[in-house]
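>>> A predicted structure for the sequence below; I have some questions about it.
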Amino acid sequence: MNSHPVPAADPPPVPHLRRRRGAAVLALVAALVATSVAAVTGSARGADPLLSQGRPATASSTENAAFPASAAVDGDTGTRWSSAAADPQWLRVDLGATATVTQVVLNWEAAYATAYQVQVSADGAAWTTIHSTTSGDGGVDTLAVTGSGRYVRVLGTARATVWGYSLWEFRVYGTTAGTGCDTAGNAALNRPATASSTENAAFPASAAVDGNAGTRWSSVAADPQWLRVDLGATRTFCRVDLSWEAAYATAYQIQVSADGTAWTTVYGTTTGTGGSQQLTVSGTGRYVRVLGTARATGWGYSLWEFAVHASDAPPSSPPPSSPPPGGDVLLSYNKPAFASSYQDDGACWQCFPARAFDLDPASRWATSATTGWVDPGWIYVDLGATATIHRVVLQWDPAYATAYQLQTSNDAVTWTTVYSTTTSAGFKQTVNVTGTGRYVRMYGTARSSGYGYSLWEFQVYGTGGAPTAPPPVPPDPTFPATTLVFADEFNGPAGGKPDPAKWTIDPGTGQNNELQYYTDNANAAMNGAGQLVMEARRENVGGRAYTSHRMNTGTTFTVQYGRIEARIKVPKGNGFWPAFWMMGADFLTGRPWPYNGEIDIMEILGRDTYRSYTTLHAPAYNGGGGYGQERVWTVDLSADFHVYAVEWDSHGMRFLVDNTEVFYASKETVESTRGPWVFDHPFYLILNLAVGGDWPGPPDASTPFPSRMLVDYVRVYR
């Protein structure tokens, strides 16, 4: 299978480190699908939470079903709302409670408004205008506003094109009224969810807590059925929101539990009417579930969204997930594996069956390119002894099965189907099953493409078997993390070089068509005032017209989880590309980029120092397709020092600038929408100042040389 151009497993070691970012960590700057978010308009306003994501949205019209109102508030800059081609048109979001609105961000598609108003309302009927313009120019409008209301809308009155109005994203920031109930936050968002059943893999339990109003959980057509979310820690609840699909419950209960076993009902009805329901509740627990006992239709139960609001303070970091209840464990780790065929060539090196059971999300099994791109295709695992199977997790490569069965067997000859689907959509699928057997098989009968079948991970959970304990993982830090495990304050005398006990100098040329030569420590020295100076110069060395500096901690320090931060002042000028980033440590032992993973904490282009970028790179999302965020500021980041940081644990990464969150990358969201999460292993730190390259472009006559990137400190906390 050759859906990826690089081997999926480790090739022979590379001789030494080279920066391997694809040209563009950012086509993210390319603008039709820009991922810009709100500009900072002051420290307090910049810290106000996003209130609109995943909230109910309506519009005066839609161009067609592919461009619904909900697409503008789903947090996905690749989906959009589009109206009919007429004036006026509006898009409205219901925040669920009265809020003080401080900022609105409009990310326009090419069909933008030249004249529009932003309005607020207490009841959705009477509107107050808080922003108005007749000179809109499209792109991303970041608006500082002052207003109060439950509903916020953008009202377009003049179009820039003959088409309608279209928004990639409509984001509302502010604070909720002081009711004691956090109606803007959602304690269930992207938390682990399970269900009594799923109609098929296209409608998993996780789809009801992903903040995307266009995905849903759907059960089998039987009573009773339930959907449960694990909040990871005990919370005090004040409201539960249910957004029902047409297959709703006429009778259901909201229940809470401390342990996922004993349940207390905090709300019940036998007269449910479906639609969007906001239920005032009072209860405390770690688990919350909706238990349906009577269906309104001949179908099962189906929820677009299941949101939980709390009245207590949230944990300082996302709480850990619990293991499945009932003593279930991972049964399949490092167990013998067999498949209909496997690939082992330059396009998928050593993509053996065992790769799907090694808990390495950057290695995969794939069927043979010469004999295996056919139907059916299968892979199975020998659990070592008879087991009771409760859950199977599949992390698909883009070469996935649209139709497959999960099967169990006692002898690997006679198979019993415990799950079947013909509508698989790939990515990560968690399937609840009930079955027994020593062997568990994925039996694919229809492929998603002309390629074969390929799985990054195939995990089986249950009881019995002969499980091999997976390697231990470090505990999650508690944020704010306070235990300092690495630091360089750069307090040496003027002219002193970076500490070789902490930093390895990395000379040579860069990637991405960069123009500089990184010298062997000739372009970095301390200034005697507590900073390291990394200097870019116009001079001929190593066949290049510019020199600069790059260093890393690859041979001295690695870290898995914690707060990693640096206080940096970046240079300004066309062609400069300063960065503070991390690479998976297995890169130095031979795993190729991007299979090792890359974490870009900060990248800034000298040509526009009002923007910062954070990006993740992995096999399924890298280069211009990396998973990340652009942040637009009202301050020039080159004018002063700023602290660039990431708070990283087993659930995701929270990126911050001066303690203002600019992006949260959820592991669960990435796995279910992009591909495998390859970041749960040690990484090392890198600082460099590039000159030129595919993304920043070359220097020009206005570019000042020499120019300096100043690093005040680098610190890592656990």
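Yep, that arrived. Numbering: from 1, shown residues only.
>>> Only C-alpha atoms from now on, for both contacts and neighbour counts.
Fine.
>>> Sketch out the low-pLDDT regions of the stretch 1-150 of the chain for me.
For the stretch 1-150 of the chain, applying pLDDT under 70 flags the ranges 1-49, 54.
>>> need the contact list for Pro507.
Residues counted as contacts of Pro507 (Cα atoms under 8 Å, 6 or more residues apart in numbering) are 517-521, 549-550.
>>> which ones among those residues are found in strands?
If you go by DSSP state E, the contacts of Pro507 have 517-518, 550 in strands.
>>> how about the residues you listed in CSV, adding distance to Pro472, neighbour count and pLDDT?
Shown next, in CSV, are the ones in strands among the contacts of Pro507 (distance: Cα to Cα, whole Å; neighbours: other Cα atoms under 10 Å; pLDDT from 0 to 100):
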residue, distance to Pro472, neighbour count, pLDDT
Tyr517, 41, 26, 96
Tyr518, 38, 28, 97
Arg550, 33, 27, 97
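>>> What segments of the stretch 501-650 of the chain are strands?
For the stretch 501-650 of the chain, the strands defined by DSSP state E, counting those that start in this stretch occupy 504-505, 508-509, 516-518, 524-526, 532-541, 544-548, 550-552, 562-569, 576-584, 598-605, 608-617, 627-633, 642-649.
>>> Quick check: which of those is buried the most?
Of all the strands of the stretch 501-650 of the chain, strand 516-518 carries the top mean neighbour count, a mean of 27, counting by mean count of other Cα atoms under 10 Å.
>>> so what secondary structure elements neighbour it?
Under the contact criterion of 3 or more Cα pairs under 8 Å, 6 or more residues apart in numbering; DSSP states H and E, strand 516-518 touches strand 508-509, strand 544-548.
>>> one step back: for the contacts of Pro507, which two are the farthest from each other?
Tyr517 and Asn521 (11.3 Å; Cα to Cα).
>>> what about the strands of the stretch 501-650 of the chain, which gets the closest to Ala337?
In terms of Cα to Cα, the element of the strands of the stretch 501-650 of the chain nearest to Ala337 is strand 576-584, at 27.3 Å.
>>> In the sheet, which strands lie alongside the closest one, parallel or antiparallel?
Paired neighbours of strand 576-584 in the sheet (DSSP bridges): strand 598-605 (antiparallel), strand 683-691 (antiparallel).
>>> right, and the helix or strand after the longest one?
Proceeding C-terminally, strand 683-691 gives way to strand 707-717 as the next helix or strand, assigned by DSSP states H and E.
>>> Need the helices and strands packed on strand 516-518 in TSV (columns: mean pLDDT).
Below are those laid out as TSV (pLDDT from 0 to 100):
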stretch	mean pLDDT
strand 508-509	94
strand 544-548	97
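>>> one step back: using TSV, please lay out the strands paired with strand 576-584 together with mean pLDDT and distance to Ala187.
Output for the strands paired with strand 576-584, formatted as TSV (pLDDT from 0 to 100; distance: least, Cα to Cα, whole Å):
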stretch	mean pLDDT	distance to Ala187
strand 598-605	97	26
strand 683-691	98	30
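>>> remind me which residues of the stretch 251-400 of the chain are low pLDDT?
313-326.
>>> let's go with 80 and repeat that
Residue ranges of the stretch 251-400 of the chain with pLDDT under 80: 261, 312-327.
>>> could you pull out the strands for it?
In the stretch 251-400 of the chain, the strands defined using DSSP E, counting those that start in this stretch lie at 264-269, 276-295, 302-310, 329-330, 337-339, 365-366, 377-396.
>>> Which elements pack onto the first one?
In other words, strand 264-269. Judged by 3+ Cα pairs under 8 Å, 6+ apart, the packing partners of strand 264-269 are strand 249-257, strand 276-295.
>>> Verify the contact between Tyr400 and Gly450 for me.
No. At 10.4 Å, Tyr400 does not count as touching Gly450 under the criterion of Cα atoms under 8 Å.
>>> And those two? Which one has more around it.
Set Tyr400 next to Gly450 and count neighbours by other Cα atoms under 10 Å: Tyr400 wins out with 25 against 11.
>>> hmm, back to that, can you tell me which of the strands of the stretch 251-400 of the chain is packed in deepest?
The most buried one of the strands of the stretch 251-400 of the chain (mean count of other Cα under 10 Å) is strand 365-366, showing a mean of 35.
>>> How far off centre is it?
Remark: strand 365-366 is offset 24 Å from the chain centroid, using Cα atoms, centre = their mean, to the nearest Å.
>>> again, but for stretch 112-122
30 Å.
>>> Not counting its own residues, what contacts the longest helix along the chain?
Scanning the chain for the longest helix, with DSSP state H as the assignment, gives helix 667-673. If you take Cα under 8 Å, 6+ apart as the criterion, helix 667-673 is touched by 190-191, 210, 395, 427-429, 650-652, 676-677.
>>> I'd like the residues you listed laid out as CSV, including secondary structure and distance to Ser612.
Shown next, in CSV, are the contacts of helix 667-673 (DSSP: H, G, I helix; E, B strand; the rest coil; distance: Cα to Cα, whole Å):
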residue, secondary structure, distance to Ser612
Asn190, coil, 26
Arg191, coil, 28
Asp210, coil, 26
Gln395, strand, 32
Phe427, coil, 29
Lys428, strand, 30
Gln429, strand, 34
Ser650, coil, 25
His651, coil, 23
Gly652, strand, 20
Pro676, coil, 25
Trp677, coil, 23
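>>> Specify the beta-bridge partners of Ala487.
Here Ala487 shows beta-bridge partners Arg715, assigned using DSSP bridges.
>>> what's the spacing between it and Lys502?
Look at Ala487 and Lys502: by Cα to Cα, to the nearest Å, they are 9 Å apart.
>>> Same check on Trp456?
Distance check for Trp456 against Lys502: by Cα to Cα, it reads 35 Å.
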